[in-house]
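Novice: need coordinates for the following:
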Amino acid sequence: MGEKTEKLLSILKLQPVVPVLIVDDAKSAVLLARALVAGGLKAIEITMRTPAALDAVRAVAAEVEGAEVGAGTILNAAHWEAAVEAGSKFIVSPGTTQELLDAAADSEVPLLPGAATASEVMALREEGYQVLKFFPAEQAGGAALLKALSSPLAGTLFCPTGGISLKNANDYLSLPNVICVGGSWVAPKELVAAGDWAGITKLAAEAAALKA
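Specialist: Numbers count the residues shown, from 1 in each chain. Predicted structure coming up:
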């Protein structure tokens, strides 16, 4: 577990914001990922919420120099296997099940498992996990809850995701137990649809400049 934790940390420490993307076609995913990398956001999460998601992961992994692509919204072992086969460097889940933990244990690819309560964090700590996704961040209690957890659950690091924007990102990034945040605001649907890759690079650069 230690080696996989270090592998995950090396990816999450690349930047203060990990883009969380919903993509509709693999071609635009490559252009989008290049725009994000150009702005300083190398670690990219592509969520498995569309039919094109796996092809997008595969294309970004193969064609975008400097990108560390991961797969999000992984819900079961079949999702895991498909995402890893497509080239995912890390796996993200909104929550945690025993099936996912078993799949992660048999894989060299690190898992960023989701948790929203102290009990869920404690259960994952017992499994050896030190880095967790806090989701849905704003709805589950926001930065105030993570601040409250920082002392009794010291040693656990979080990547909060859900409801985070440029306006409130620093509320999280200023906490000692937050390593980065996840956000979709760096790739607005309207800019992707318009092919405004320069605009996305600008948003990525703003996010990359946040205090990590």
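
Novice: surely Glu45 is within a strand?
Specialist: Yes - Glu45: assigned to a strand according to DSSP: H, G, I helix; E, B strand; the rest coil.

Novice: surely it and Gln15 touch.
Specialist: No - with contact defined as Cβ atoms under 8 Å, Glu45 does not count as touching Gln15 (11.8 Å). For every residue, glycine as well, the C-beta is placed using N, CA and C.

Novice: what secondary structure does Arg71 sit in?
Specialist: Actually, residue 71 is Ala rather than Arg. Assigned by three-state DSSP, the conformation of Ala71 is strand.

Novice: would you mind measuring from it to Gly155?
Specialist: 27 Å (Cβ to Cβ, to the nearest Å).

Novice: go on, Val192?
Specialist: As judged by Cβ to Cβ, Val192 and Gly155 stand 38 Å apart.

Novice: which one's more surrounded, these two?
Specialist: Neighbours were counted for Val192 and for Gly155 using other Cβ atoms under 10 Å; Val192 has more, 21 against 8.

Novice: list phi and psi for that one.
Specialist: The main-chain torsion angles of Val192 are listed as degrees, to the nearest 10 and equal phi -60, psi -40.

Novice: my guess is it contacts Gly199. True?
Specialist: No - if you go by Cβ under 8 Å, Val192 and Gly199 don't touch, sitting 9.7 Å apart.

Novice: could you pull up the residues touching Pro176?
Specialist: Residues in contact with Pro176, defined by Cβ atoms under 8 Å, 6 or more residues apart in numbering, are Ser150.

Novice: which pLDDT value belongs to it?
Specialist: Per-residue pLDDT puts Pro176 at 96.

Novice: helix, strand, or coil at it?
Specialist: coil.

Novice: quick one: it from Phe158, how far?
Specialist: Using Cβ to Cβ, we find Pro176 at a distance of 10 Å from Phe158.

Novice: likewise Lys7?
Specialist: Lys7 sits at a distance of 18 Å from Phe158 (criterion: Cβ to Cβ).

Novice: ok, now Ser88?
Specialist: In this structure, Ser88 and Phe158 are 21 Å apart, going by Cβ to Cβ.

Novice: name the nearest residue to Leu54, ignoring sequence neighbours.
Specialist: Of all residues beyond its chain neighbours, the one nearest Leu54 is Ala86 (4.8 Å), with distances taken as Cβ to Cβ, 6 or more residues apart in numbering.

Novice: may I see the buried residues of stretch 124-142?
Specialist: Taking 16 or more other Cβ atoms under 10 Å as the basis for neighbour counts, the residues of stretch 124-142 that come out buried are 124, 129, 131-138, 140-142.

Novice: can you tell me which of those residues are in strands?
Specialist: Counting by DSSP state E, the members of the buried residues of stretch 124-142 that fall within strands are 131-134.
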